[in-house]
Structure formats: structure tokens, C-alpha cells
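[1] next come a sequence and a model predicted from it.
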Amino acid sequence: KPQAVIFDLDGVVTDTAYLHFLAWQRIAHEIGIAIDEQINEQLKGISRMDSLERILRCGGAEHRYSEQEKRRLAERKNALYVASLQQLNPGSVLPGIAALLAELRRQDVRVGLASVSLNAPRILEALGLVDQFDFCADASRIQRSKPDPEIFIAACAGLGVAPANCIGIEDAQAGIEAINASGMLSVGIGVQLEGVDLRLPSTAELNWPLLQTFWLTQHS
Ligand code: BG6
Ligand code: MG
């Protein structure tokens, strides 16, 4: 069996991917840029400042703002996002996740978090999941957001396990690429993801027997 399972947060543990989208949509609208769910797919797993750059580029506005103005736009987005996090509670954990976390604990499989979100600690707190994770990689100490494997490698190091002994779970294409580049096996949540070792339509299909079978088929 795997020694550890490492989770992405936004879109895997809880549906904050949609809250990120709503906050960015409001900021983008204020500066005359329309963003849709398709652009949002490209923002998943990408850091706050990189997300802003992509939105500006998509509106042809990448040269219109100074560094200071960009920082203020990103800060305002974050304020909107953090306010929307108030609606999170233990009932906001996506289907299948709480049961899987509990089963991993029973199986003595280590559990890690690899989110590039600086808000990850407060989200885990709101969900009541802090104690379910053995190690959470610190996004503030990461140089490169996904698709770079840095955050997954940091999570493996913190857990004291080699990537080859781990499974990573992601909902974003950039995240899948990060997992694959780290040398872990990838589980993708979402039908449009490419290059995944195991693809599931939603977290509701995720459970320990399935991960165990998947691990065995990959190692036979
Ligand atoms: C990732 C999200 O988890 O965190 C991205 O998928 C987000 O959409 C990134 O931009 C950074 O989040 P935050 O909370 O630090 O702005
Ligand atoms: Mg995600």
C-alpha cells in the first residue's frame, strides 16, 4: 500500500475553487474584464499573483497596471475571498473525503496537504480537519506554484516519505502535472483532466479500497 496520500485542498477537500472564481470575477469585472469558468480552470493551482497576471493578459491589460496596483488588486481579491470563507463549516467537506481521511488514519497511511493557498490553514480550521493531516506544506515557503512539483515534494519531505511511495489527489490540470513531475501516482478528480493515472468523476467515488486496488495494479 502507499505510505502516504497527499491532497490538494481547493476543489478536492472542499469546493473553494468556486469561491476563488467568484472573487476574481468581481475584481475582473471592476476593471472591465469578463472571465468565465473556462478561464477559471486555468487559475486552479496557480498562485494569487500568477492568477492576476493571467486574468490581466486575458483582458489584454497586462501592461496597464503598476506592480503596486497589481498588489492592491490581489489584496482586494483576497479580502473578498476570505470574507466568503465565513460560510465554510464541517459540512462543506466534499463527499467521500472525511471517510477517506478517517480510513487512511486507521490504515496507518500518512496524510499530507499540498496547497499553494496562503489561506489553507484557516480553511482546514473552518472545516474542522486540522487534526486529520500529519503534515501541511507551507505555501509561503514555496517559490513556484503548480505545475511545478515543489509543493508536493515539500509535502513528501515533511512526511518523511519518498514520492514514489505516495499517491497525490488533484482537481486541476496544473496540479496533475505537478504530481506527475514529482514522481507520485496521480488521481484526478474531473472528467476533462489529462495525463492522470486514475481519473474519477468526483470525490464521491474516492475511497480506500479503490486507492488500494489502484496502487496494486500500478505495482504488479
Ligand atoms: C490554490 C487555488 O489552491 O491556491 C488557486 O487553486 C489560488 O486558485 C491559490 O489562486 C492561491 O490561493 P490564495 O488563497 O493564497 O490566494
Ligand atoms: Mg485544486
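    Perfect, I can see it now. Bear in mind that the values here come from a model prediction, so they are computed numbers and not experimental data. Ligands and ions are numbered 1, 2, ... in the order given.
[2] please count neighbours and contacts with C-alpha atoms only from this point.
    Will do.
[3] give me the neighbour count for Asn119.
    Asn119 sits with 15 neighbouring residues when counted by other C-alpha atoms under 10 Å.
[4] quick one, phi psi at it?
    The phi/psi pair for Asn119 (degrees, to the nearest 10) reads phi -90, psi 0.
[5] separation between it and ligand 1?
    According to C-alpha to the nearest ligand atom, to the nearest Å, Asn119 and ligand 1 sit 4 Å apart.
[6] quick one: that residue from Asp138, how far?
    Per C-alpha to C-alpha, to the nearest Å, Asn119 is found 10 Å from Asp138.
[7] what comes into contact with the helix or strand Leu216 falls within?
    Per DSSP states H and E: Leu216 is located in helix 208-218. Applying C-alpha atoms under 8 Å, 6 or more residues apart in numbering, the external contacts of helix 208-218 come out as 1-2, 100, 103-104, 198.
[8] filter these to the buried ones?
    When the contacts of helix 208-218 are checked for burial by 16 or more other C-alpha atoms under 10 Å, the buried set is 2, 100, 104.
[9] please name the bridge partners of the closest residue in space to Leu159 that isn't next to it in sequence.
    Nearest residue to Leu159, sequence neighbours excluded (C-alpha to C-alpha, 6 or more residues apart in numbering): Phe135, at 6.0 Å. Using DSSP bridges, the bridge partners assigned to Phe135 are Gly112.
[10] could you measure from Asn119 over to ligand 2?
    According to C-alpha to the ion, to the nearest Å, Asn119 and ligand 2 sit 13 Å apart.
[11] what pLDDT does that residue get?
    pLDDT, Asn119: 98.
[12] the one 4 residues further on too?
    On the pLDDT scale, Ile123 is placed at 98.
[13] do any residues in whichever strand or helix holds Ile167 lie close to ligand 2?
    Element membership for Ile167 (DSSP H and E) is strand 166-170. No. Between strand 166-170 and ligand 2, judged by C-alpha under 5 Å from the ion, nothing touches; the nearest distance is 5.9 Å.
[14] list the contacts of Ala162.
    Each residue near Ala162 by C-alpha under 8 Å, 6+ apart is listed here: Cys156.
[15] okay, now the unreliable bits of the chain?
    Filtered on pLDDT under 70, the chain yields no residues whatsoever.
[16] near ligand 1, which residues of it are found?
    Neighbours of ligand 1 within the chain, by C-alpha under 6 Å from any ligand atom: 10, 20, 43-48, 51, 78, 115-119.
[17] just the buried ones from the residues you listed, in PyMOL syntax?
    Buried members of the residues of the chain next to ligand 1, defined by 16+ other C-alpha under 10 Å, are picked up in PyMOL with:
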select buried, resi 10+20+43+44+45+46+47+48+51+78+115+116+117
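[18] ok so, going back, and the strand holding Ile167, what does it pack onto?
    Under the contact criterion of 3 or more C-alpha pairs under 8 Å, 6 or more residues apart in numbering; DSSP states H and E, strand 166-170 touches strand 4-7, helix 173-182, strand 185-189.
[19] and the contacts of the helix ranked longest in the chain?
    Counting by DSSP state H, the longest helix found in the chain is helix 67-84. By C-alpha under 8 Å, 6+ apart, the list of residues contacting helix 67-84 from outside reads 19-20, 23-24, 27, 48-49, 52, 119.
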